[in-house]
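Colleague: Structure, please.
(one chain, ligands or ions: 2)
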Amino acid sequence: MNIPILGNMTAEEFLRDYWQKKPLLIRQAIPDFVSPIDGDELAGLSLESEVESRIILEHGEEPWELHHGPFTEQTYAELPESHWTLLVQAVDQFVPDIADYLKDFEFLPRWRIDDLMISYAAPGGGVGPHFDNYDVFLLQAEGRREWKIGQLCDSDSPLLPHPDLRILDSFETADSWVLEPGDMLYLPPRLAHWGTALDNCMTWSIGFRAPSSAEVITHYTDFVARFLSDEDRYSDADLSPVQDPAEIRREDIQRLRNLILQQLDDDNLLLSWFGQHMTEPRYPEFLQGHELDADTLSGFLQEGGCLARSPAARLAWSRIELDGAPAILLFASGSSRPFPEHLVGFIQHLCSQDLLTMDNLRPWLDRDEAVTLLCELVKQGSLECMDE
Ligand code: SIN
Ligand code: CO
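Modeller: Ligands and ions are numbered 1, 2, ... in the order given. Next comes the predicted model:
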């Protein structure tokens, strides 16, 4: 499959040679790209209290001064001519035209995408040399930015003393490029990078998320523990006589290992937890559910109304085996629910369509389970009713 945003490289080639491995510069990933949002509109978003934004001033009262939004008009009036940058998180949640660009990345699992962050920088501005623990595509949206890439880093890489920012103490330039609108740079996790605005410049960061091993283990074990009773315990009915009552023996540890493995190594539990975890909304407060019964829903659809996925919702699905029969597990914004396998087409449709209408839902509307699910997703807030 040739992927336009990868300069027509195939998904196979990109995944084999670059993904999580090495950087890739794609000139004119989006030819003649014109950003649907400008610097003023981005600054406007940063005035809103529900939007996460930051401004970094390279030469403030202290080096690399960090300010958190929401900002005011006054903040912008007082900024210097150069060497500052504004960063606005999850712009895809607030501007549907921007969320549409995430579709260009659907050769990767959607649940791996974290958000689309946008930075706007005055000449000389940037966030300094740093590394991230996640993959990122940096799309140049306006003006020019010089990107340098450096060494591979980890938690032991020396940082400048700073209470909040992780700026590298040293940077070994390995390569550098000037990106113009439409150019894009892919960076694997942990590779040092340093972007500097050459003009007033806007950069989109399509960031991916990968839970840390510590996060997986703590959250998954908490999840599994919810299903365990007080009687599920370490047991040693096969105990052999002890030589020294103070000794913990290999065989005792082997029992413990078996206990852990037996409780944790359950495909369906693992999948349920993972799907729920990866579809947790970033802004759950934006999911605004409301009651809807099947009759009201069909009337609404018949009158031309449609259902749209809430920008805050995350949906995913998987195949499972349930009581020996194939089934489908749907994950919707942190929850999960099994469905019979014959609904797979419907579930895929739900997860892939932006708008659900009478027309495109028609094949499933005579199935009670499908209609009930639509009502539940509206109640949960993952789907929103929209009048056409
Ligand atoms: C930026 O857009 O200035 C920073 C993006 C990044 O380095 O991840
Ligand atoms: Co970065």
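Colleague: tell me which residues form a beta bridge with whichever residue of the stretch 101-250 of the chain sits closest to ligand 1?
Modeller: Across the stretch 101-250 of the chain, the shortest distance to ligand 1 (CB to the nearest ligand atom) belongs to residue 119, at 3.3 Å. Every residue, glycine included, has its C-beta placed from N, CA and C. Bridge pairing for residue 119 (DSSP bridges) gives the partners residue 87, residue 203.
Colleague: Around it, how many other residues sit close by?
Modeller: By the other CB atoms under 10 Å criterion, the neighbourhood of residue 119 contains 24 residues.
Colleague: Name the residue closest to the centre of this structure, please.
Modeller: Against the mean C-alpha coordinate of the chain, by CA atoms, centre = their mean, the closest residue is residue 114 at 1.6 Å.
Colleague: So that one lies in a strand, does it not?
Modeller: Yes - secondary structure of residue 114, determined by DSSP: H, G, I helix; E, B strand; the rest coil: located in a strand.
Colleague: Look up phi and psi at the nearest residue to it once chain neighbours are set aside.
Modeller: Nearest in space to residue 114, with sequence neighbours left out and distances taken as CB to CB, 6 or more residues apart in numbering, is residue 209 at 4.0 Å. Phi and psi for residue 209, reported as degrees, to the nearest 10, are phi -120, psi 140.
Colleague: Check residue 362 too.
Modeller: phi -50, psi -40.
Colleague: May I ask you to confirm that the residue of the stretch 101-250 of the chain closest to ligand 1 is in contact with residue 91?
Modeller: No - no contact is recorded between residue 119 and residue 91 when judged using CB atoms under 8 Å, the distance being 10.2 Å.
Colleague: wait, isn't residue 110 in contact with residue 316?
Modeller: Yes - taking CB under 8 Å as the definition, residue 110 is a contact partner of residue 316 at 7.2 Å.
Colleague: quick one: which of the two has more around it?
Modeller: In this comparison of residue 110 against residue 316, neighbours counted by other CB under 10 Å, the higher total goes to residue 316 at 19 against 16.
Colleague: Bridged to the more buried one, which residues?
Modeller: The residues listed as beta-bridge partners of residue 316 by DSSP bridges are residue 331.
Colleague: Which secondary structure state does residue 67 sit in?
Modeller: Residue 67 ends up strand, using three-state DSSP.
Colleague: Check the burial of residue 138 by counting its neighbours.
Modeller: The burial count assigned to residue 138 is 24, neighbours taken as other CB under 10 Å.
Colleague: Could you check how far it is from residue 115?
Modeller: Applying CB to CB, to the nearest Å, the value for residue 138 to residue 115 is 14 Å.
Colleague: again, but for residue 203
Modeller: Summarising the geometry, the distance separating residue 203 from residue 115, computed by CB to CB, is 14 Å.
Colleague: isn't residue 194 right up against residue 153?
Modeller: No - when contacts are counted by CB under 8 Å, residue 194 is not listed as touching residue 153 (12.0 Å).
Colleague: what stretches of the protein score poorly on pLDDT?
Modeller: For the chain, applying pLDDT under 70 flags the ranges 388.
Colleague: Give me the domain ranges for it.
Modeller: Split into domains by automatic domain parsing, the chain comes to 2-208, 284-387.
Colleague: what is residue 338 paired to in the beta sheet?
Modeller: Residue 338 has these beta-bridge partners by DSSP bridges: residue 329.
Colleague: Please save the CA atoms from stretch 252-260 in PDB.
Modeller: Taking only C-alpha atoms (Å, rounded to 0.1, in the frame of the first residue of the first chain), the coordinates of stretch 252-260 have been written out as PDB:
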ATOM      1  CA  ASP A 252       8.300 -21.400  47.500                       C
ATOM      2  CA  ILE A 253       9.200 -18.800  44.800                       C
ATOM      3  CA  GLN A 254       8.100 -21.200  42.100                       C
ATOM      4  CA  ARG A 255       4.600 -21.400  43.700                       C
ATOM      5  CA  LEU A 256       4.600 -17.600  43.800                       C
ATOM      6  CA  ARG A 257       5.600 -17.400  40.100                       C
ATOM      7  CA  ASN A 258       2.800 -19.800  39.200                       C
ATOM      8  CA  LEU A 259       0.300 -17.700  41.100                       C
ATOM      9  CA  ILE A 260       1.300 -14.600  39.300                       C
END
